[in-house]
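Asker: compute the structure for the input listed below.
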Amino acid sequence: MNMLVTEEQNLENKQGSAESPNAEPAAIPTVITARQLANIEGTTNERFLLEPFLPIIGTALVAGQPDTGKSQFARQLAIIISHGVNAFLGFPLKLTHSKAIYLATEDDPISCKELQIRQHSGLGLVPNENLRFIFPEVLDQRAILQTLDTALEAEPADLVVVDSFSDVFGGSDMNSNTQMRQTVNSFDALAKKHKCLILFVHHINKAAYGKNPTQQGIQGGSGLTQKVRLAWQISPGEANKKYLAVTKGNYCPREFKEKALVLTFDEETFIFSRTSETVEASNLITAQEAEMSRAEREFENCITIVKDGLDSNQGLSYTELTELIMEKMEVSEATAKRRIGALAEAKYIKKGEDRNYFWDQAIDSSEYSDMDNADGPVDN
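Answerer: Model (predicted):
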């Protein structure tokens, strides 16, 4: 009994003593009384990296179907954090280090170079030393965790983006809740060790295309969404509009779970901007139907054009393939490169040893409608 009183007094004394502003908070015991808990310093709004969405510590994800800009969205957040900007899409950021890490499992350094330069320019910023990119040589979960651990030990960061989650998944079955939770737990432990947020970029199931955002629509289902602290879904809208919906959010106000934010996306700078509009999340399907029909037709057309071009030329370089899509589909260079990325991730095309692209013979044209993934190496 005396020991318990002493522990309570010690905790209260530590919290009540004069400390420097930069001092570490007193350690909280594993077992704690209600009175001690009530006297702990801090408020709920101090738990957010991006209020009222992303926690300072833990895991979160942003998901969506192909060509919705998931990677650009996550990279834009990382860039803003690396420059110490105090807001993202008009919501306050609480930064400790003003540093971020972007782990790219699909994009190569040259592709990332162009994309991040455009995004920096679109934000009126210049690339600095506070944003580090990691391009893992081996897609092994244990090796990736060790790489991130070493990087964070050397230099702490507020945010780590993992793009994409499917490449760091440590199991053999994404439908296994146990395997999914084990993977998230490994990254969550890393986030807690280094007091940072890890944001996964992920996909939704093809069956969820054109439907209202739900946790069940995200690949991995409840095993994934139950473990992360927040799950965003980006959905396509008319023209350059995108919808940002919260499908799971600890401590996120109900209004942001019920209404999706309406964003605009610049095709040249890859920058998202927030509008003053919101849409009932349960009514997004109506807004998406026309856009999905158009997008699916365009993607099917792109598949045919690229297959014919690669087969007739016995392979094409990245530049040649970009020019082919621009000419045949009458789209911008940025859109053409995103199409290449989408086709590569969906494994319609692959790089040969000479770095030229070839049609992936493992994919039969009859399987077009069954492909689930399409956001790719150039970006999604």
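
Asker: surely Ala100 meets Ala157?
Answerer: Yes - with contact defined as CB atoms under 8 Å, Ala100 counts as touching Ala157 (5.4 Å). C-beta here means a position set from N, CA and C on the backbone, and glycine is covered the same way.

Asker: OK, contacts around the nearest residue to Leu131 once chain neighbours are set aside?
Answerer: Take Leu131 and drop its neighbours on the chain: the residue closest to it by CB to CB, 6 or more residues apart in numbering is Ser82, 3.7 Å away. Residues counted as contacts of Ser82 (CB atoms under 8 Å, 6 or more residues apart in numbering) are 98-100, 128, 130-131.

Asker: so how far is Ile303 from Ser82?
Answerer: Using CB to CB, to the nearest Å, Ser82 is found at 37 Å from Ile303.

Asker: Glu323 now?
Answerer: Relative to Ile303, and taking CB to CB, Glu323 is found at 18 Å.

Asker: same question, Thr30
Answerer: For Thr30, the distance to Ile303 - CB to CB - is 55 Å.

Asker: between the two, point out the one with more neighbours.
Answerer: Ile303 (22 against 5; other CB atoms under 10 Å).

Asker: beyond the helix or strand hosting that one, next helix or strand please.
Answerer: Taking DSSP states H and E as the definition, Ile303 sits inside helix 284-313. Using DSSP H and E, the next helix or strand after helix 284-313 towards the C-terminus is helix 318-329.

Asker: which residues sit against that following helix?
Answerer: Residues contacting helix 318-329 (CB under 8 Å, 6+ apart): 298, 301-302, 305-306, 309-310, 313, 316, 331-333, 335-337, 339-340, 355, 357.

Asker: again, 10 Å this time
Answerer: With contacts defined as CB atoms under 10 Å, 6 or more residues apart in numbering, helix 318-329 is touched by 108, 110-111, 298, 301-302, 304-306, 308-310, 313, 315-317, 331-340, 343, 349, 351, 355-357, 377-378.

Asker: buried ones in whichever helix or strand comes after it?
Answerer: Helices and strands here follow DSSP H and E; after helix 318-329, the next one along the chain is helix 333-345. Across helix 333-345, burial judged by 16 or more other CB atoms under 10 Å covers 334-345.

Asker: now for the residues you listed: which two are most distant?
Answerer: Ala334 and Glu345 (16.9 Å; CB to CB).

Asker: before we move on, back to that, what's the mean pLDDT across the helix holding Ile303?
Answerer: The average of the pLDDT scores along helix 284-313 is 77.

Asker: repeat for stretch 227-246
Answerer: Stretch 227-246 carries an average pLDDT of 93.

Asker: switch to numbering from 51
Answerer: Sounds good: first residue 51 from here, last item stretch 277-296.

Asker: buried residues in it?
Answerer: Quick answer for stretch 277-296 (16+ other CB under 10 Å): 277-287, 291-296.

Asker: residues near Gln265, how many?
Answerer: 17.

Asker: list phi and psi for it.
Answerer: Note on Gln265: backbone dihedrals following degrees, to the nearest 10 are phi -60, psi -40.

Asker: I'd like the distance between it and Val312.
Answerer: 21 Å.

Asker: Asp117 now?
Answerer: Asp117 is 18 Å from Val312, by CB to CB.

Asker: again with Ala124
Answerer: Ala124 sits 19 Å away from Val312, going by CB to CB.

Asker: likewise for Gln169?
Answerer: Distance from Gln169 to Val312, by CB to CB: 20 Å.

Asker: between those two, point out the one with more neighbours.
Answerer: Neighbour count, other CB under 10 Å: between Gln169 and Val312, Gln169 has more, with 22 against 17.

Asker: contacting residues around the helix or strand the more buried one falls within?
Answerer: Element membership of Gln169, judged by DSSP H and E, is helix 159-172. Residues from elsewhere that reach helix 159-172 (CB under 10 Å, 6+ apart): 121-122, 125-126, 128-130, 132-133, 152, 154, 156-157, 175-178, 181, 183, 185, 213, 316, 318-323, 368, 383-384, 387-388, 390-391, 426-429.

Asker: backbone phi and psi for Gly299, please?
Answerer: Torsion angles at Gly299 (phi, psi; degrees, to the nearest 10) stand at phi -160, psi 110.

Asker: got a list of what it touches?
Answerer: 102-105, 110, 278-282, 306-307.

Asker: among these, name the ones in strands.
Answerer: 104-105, 110, 280-282 (DSSP state E).
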